[in-house]
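Engineer: sharing a sequence plus its predicted fold:
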Amino acid sequence: MLDPFLLVVIGIILALVFDFGNGLNDAANAISTIVATRVLSLRMAVLLSAFFNFIAAFVFSVAVAKTIGKGLVNLEAVTVTIVLAGLIGSIAWVYFSSYIGLPVSASHALIGGFLGSALIGAGFNSLILSGILPVFAFIFVAPFLGAIGSFLFSSLVSRLVKNQPPGKINNWFKKLQLISVSVYSLGHGTNDAQKTMGIISLMLFSGGFLGTQFDIPWWVIIISHTTIALGTIAGGWKVVKTMGTKITKLRPINGFCAETAGAGVVIGSSLFGIPVSTTHVISGSIIGVGLTKRLSAVRWGIARNIIWAWILTIPVTAFIGALSYLILNPVINFL
């Protein structure tokens, strides 16, 4: 069997590859609206978002990381091989989706891959249903909250400024959007980087490198936030284009309302330790501001494709994770 230390090192590298891909695909979450409204160039938007992705390491707790690490599968049942196989499932889906420009949930890709490999490697009884059910529920709840929140907030803001000249409104919200995108990026960093923290810490614990107490080492926090920030800097234009220009037409006031409502959902979920899809949240928020104009303002064909990607993410990654375990386990034991 391969040396446990080597297995953990390989696992950490794969986790960081996932983390980079998370930033790559999810860069669109934070910057799509501000690029679409032409408040910032793509280059400046990704740099701003990456900065706040990293800064989030010093702002919030690690509640989401602990949910991922010990709230989904019994710690005693997890092996490094199970985690490795889960990472392979999530990485395959995230990078494929980024390549074709499809916004997906990197969070649910990670969870799906991990659960699929755990189901095959440790059995159904290893799964913690009380931890898994809220995650599954928020597949639907999070975008709904984003849509409702942005619809109500956008309606209120539009009413407050309805008597102001359009030029003045644009100037106001171009400035305000710099704040809203920064806060959203902060929320994105704290929720999404923590998923990688949880997986790396889980591998360290399973490999016997954390002692008897599961915790999140400080260096894991820093390296996870750094990697997701680098992925955000490299964020794919295809996904940004889909999110920012194809769902509905956005102006600065719309971008501000979508980002503010989305940030509230993501940060609130993070404080309660609930891993949510920032992709789902901002997509729902963009749809919400589109609905304040009229029903036909939302391009439902594009929205339907994104929703199908949401539905398929966990089953597809769970299948790849399970298949990866069936291939990896005998190979690792043989070596």
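Structural biologist: Looks like it arrived, so ask away.
Engineer: same for the biggest helix by length in the chain, what does it pack against?
Structural biologist: For the chain, the helix that runs over the most residues, judged by DSSP state H, is helix 166-206. Contact here means 3 or more C-beta pairs under 8 Å, 6 or more residues apart in numbering; DSSP states H and E; on that basis helix 166-206 packs against helix 4-36, helix 42-55, helix 63-70, helix 80-100, helix 106-122, helix 218-233, helix 252-271, helix 278-291. The C-beta positions use only the backbone N, C-alpha and C, and glycine is treated the same way.
Engineer: for residue 175, find the nearest of those.
Structural biologist: Among those, the nearest to residue 175 by C-beta to C-beta is helix 252-271 (8.8 Å).
Engineer: and that closest one, which residues are buried?
Structural biologist: Neighbour counts over helix 252-271 (16 or more other C-beta atoms under 10 Å) mark 252-267, 269-270 as buried.
Engineer: using PDB, write out every CA atom in that helix.
Structural biologist: Provided in PDB are the C-alpha atoms of helix 252-271 (Å, rounded to 0.1, in the frame of the first residue of the first chain):
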ATOM      1  CA  PRO A 252     -25.500  49.300 -12.300                       C
ATOM      2  CA  ILE A 253     -28.600  49.600 -10.100                       C
ATOM      3  CA  ASN A 254     -29.500  46.000 -11.000                       C
ATOM      4  CA  GLY A 255     -25.900  44.700 -10.400                       C
ATOM      5  CA  PHE A 256     -25.900  46.500  -7.000                       C
ATOM      6  CA  CYS A 257     -29.200  44.900  -5.900                       C
ATOM      7  CA  ALA A 258     -28.300  41.400  -7.100                       C
ATOM      8  CA  GLU A 259     -24.900  41.500  -5.400                       C
ATOM      9  CA  THR A 260     -26.200  42.900  -2.100                       C
ATOM     10  CA  ALA A 261     -29.000  40.400  -1.800                       C
ATOM     11  CA  GLY A 262     -26.700  37.600  -2.800                       C
ATOM     12  CA  ALA A 263     -24.100  38.600  -0.300                       C
ATOM     13  CA  GLY A 264     -26.700  38.600   2.500                       C
ATOM     14  CA  VAL A 265     -27.600  35.000   1.700                       C
ATOM     15  CA  VAL A 266     -24.000  33.700   1.300                       C
ATOM     16  CA  ILE A 267     -22.700  35.400   4.500                       C
ATOM     17  CA  GLY A 268     -25.700  34.400   6.500                       C
ATOM     18  CA  SER A 269     -25.400  30.800   5.400                       C
ATOM     19  CA  SER A 270     -21.700  30.900   6.200                       C
ATOM     20  CA  LEU A 271     -22.300  32.100   9.800                       C
END
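Engineer: quick check: mean pLDDT of it?
Structural biologist: Taken as a whole, helix 252-271 has a mean pLDDT of 89.
Engineer: so what does it touch, helix or strand wise?
Structural biologist: For helix 252-271, the elements it packs on are helix 4-36, helix 63-70, helix 129-160, helix 166-206, helix 278-291, judged by 3+ C-beta pairs under 8 Å, 6+ apart.
Engineer: include mean neighbour count when you put those into a markdown table, please.
Structural biologist: Listed next are the helices and strands packed on helix 252-271 as a markdown table, based on neighbours: other C-beta atoms under 10 Å:
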| stretch | mean neighbour count |
| --- | --- |
| helix 4-36 | 25 |
| helix 63-70 | 24 |
| helix 129-160 | 18 |
| helix 166-206 | 23 |
| helix 278-291 | 30 |
